[in-house]
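Undergrad: Give me a 3D structure for the following:
(one chain, ligands or ions: 1)
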Amino acid sequence: MAVVSVSAVSKHFGAHVGVDDLSFELESGETAVLFGANGAGKTTLIRMLASLSRPTDGAIEIDDEPLVGGNASVRSQIGVVTHDTMLYEELTARENLRLHARLHGVDTDVCEALLETVGLADRGAERVSGFSHGMSKRVSLARALVHDPDFLLFDEPYTGLDQASLKRIADVLEDLDDCTVLASTHDLARGFRLADRLLFLNDGRLVDDAAADSFESVDEVIDRYDERCRGSVGSDVDRRSRTGVPR
Ligand SMILES: Nc1ncnc2c1ncn2[C@@H]1O[C@H](COP(=O)(O)OP(=O)(O)OP(=O)(O)O)[C@@H](O)[C@H]1O
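TA: Now for the predicted structure:
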C-alpha cells in the first residue's frame, strides 16, 4: 500500500490549464474517488499519477520517492486502467496478462485467477481485438492487478459496462484491501459507495476534499457536487436517473 503525495501540481496544455495547483495526500490503503464535470481535470490528474504525462509544475511522491526522475521501482508499483485500455490487440487476454507478469517478474500463475476474478476465465484464449469495450476493460483491470500494485489508478471504472460487468468490477474494487486506490467517476452513487475520500474537481482545481463518512447519503454528495462543481446534477428525479440510484 502506498502513501501518495500531490504537491502544487499543475498541467498546462499551451495556454490552457488542465490541472491547476492541486495538492492532496492519500493515506496508505485509502480509496479516493474523483468527482467533477467533463473537462474538470480528472483524466489529466490520473495520467500524471500514472507517469503517462508529466506535470508542468509541482511534485508527485509515492512513499516519499519522486515519481518523475525517481527510482523505476516506484513506477512499477502502480497499476493503471485508463480510457485507452493499452492492451495488445493481437494477443489473447491470457497472453496480455502473462506478458505483463513477465515484465514485472511475477509468476504467470496469477493470471488464471485474475481472469476468473474479472469473469473471463473461459475467454482467456481469445484475441483482445475481438472483445467488446466492456470485456477489454475487464482484461485491462486484470492486467493492472497482475503485479499486485500498491497504488491502483482507475479512470471511469463504471462507464460502458453492462450490469453484470459493472457489478463484477465494483466487487473487485470494493474487495481491494492491500492497495491505495484513486478512481474517477461520474457515477456519484457508486463512487460514494466505494470511497473513503471524495475529491471534487472543478476547472482543474480541487474544490473540496471530504471523508466519505462525513456524508449521510448520496443525496448529500449530490448537493455538495451541485455547490462546488460546474454542471448541476439537477432535479431530484433527474439526479436519481443520472447517478444510478434506484428509484
Ligand atoms: N492533450 C490535451 N491537449 C489539450 N488540452 C487537453 C489535453 N488533455 C486534456 N486537455 C484539457 O484539459 C482539461 C481537463 O481534461 P480532462 O480530460 O482531464 O477532464 P476530465 O475531468 O477527465 O473530463 P471527462 O469527464 O470528460 O473525462 C479539459 O479542458 C481538456 O480539454
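
Undergrad: Quick one: mean pLDDT over the helix or strand harbouring Ser5.
TA: Element membership for Ser5, per DSSP states H and E: strand 4-13. Along strand 4-13, the predicted local confidence has a mean pLDDT of 96.

Undergrad: What strands line up against it, and which way round?
TA: Within its sheet, strand 4-13 is paired with strand 16-26 (antiparallel), strand 57-62 (antiparallel), according to DSSP bridges.

Undergrad: out of those, nearest to the ligand?
TA: Distances from the ligand to each of these were compared by C-beta to the nearest ligand atom, and the smallest falls on strand 16-26, at 3.1 Å. C-beta: built from backbone N, CA, C; applies to glycine.

Undergrad: Quick one: residues in contact with the next helix or strand after the closest one.
TA: Of the helices and strands lying after strand 16-26 in sequence (DSSP H and E), the nearest is strand 31-35. Contacting residues not belonging to strand 31-35 are listed as 24, 26, 42, 45-46, 173, 176, 180-186, 188, 191-192, 194-201, 212, 221, 225, 229 [C-beta atoms under 8 Å, 6 or more residues apart in numbering].

Undergrad: who does strand 31-35 pair up with?
TA: Within its sheet, strand 31-35 is paired with strand 180-184 (parallel), strand 197-202 (parallel), according to DSSP bridges.

Undergrad: Beyond the last one, next helix or strand please.
TA: Under the assignment DSSP H and E, the closest C-terminal helix or strand after strand 197-202 is strand 205-211.

Undergrad: who does that next one touch, helix- and strand-wise?
TA: Identification of packing neighbours for strand 205-211 by 3 or more C-beta pairs under 8 Å, 6 or more residues apart in numbering; DSSP states H and E yields strand 16-26, strand 197-202, helix 218-228.

Undergrad: which of the contacts of strand 31-35 come close to the ligand?
TA: Restricting the contacts of strand 31-35 to those touching the ligand (C-beta under 6 Å from any ligand atom) yields Lys42.

Undergrad: And the buried ones among the contacts of strand 31-35, selectable in PyMOL?
TA: Selecting just the buried residues from the contacts of strand 31-35 in PyMOL takes one command, with 16 or more other C-beta atoms under 10 Å as the test:
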select buried, resi 24+26+42+45+46+173+176+180+181+182+183+184+185+186+188+191+192+194+195+196+197+198+199+200+201+212+221+225+229
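
Undergrad: What is the three-state secondary structure of the residue positioned nearest the centre of the chain?
TA: Nearest to the mean C-alpha position of the chain, counting by C-alpha atoms, centre = their mean, stands Phe154 at 1.7 Å. Following DSSP: H, G, I helix; E, B strand; the rest coil, the label given to Phe154 is strand.

Undergrad: how close does Asp208 sit to Tyr225?
TA: Asp208 sits 9 Å away from Tyr225, going by C-beta to C-beta, to the nearest Å.

Undergrad: ok, now His83?
TA: Remark: distance between His83 and Tyr225 (C-beta to C-beta) = 22 Å.

Undergrad: What of Val172?
TA: Spatial separation of Val172 from Tyr225 under the definition C-beta to C-beta is 25 Å.

Undergrad: swap in Thr85?
TA: 28 Å.
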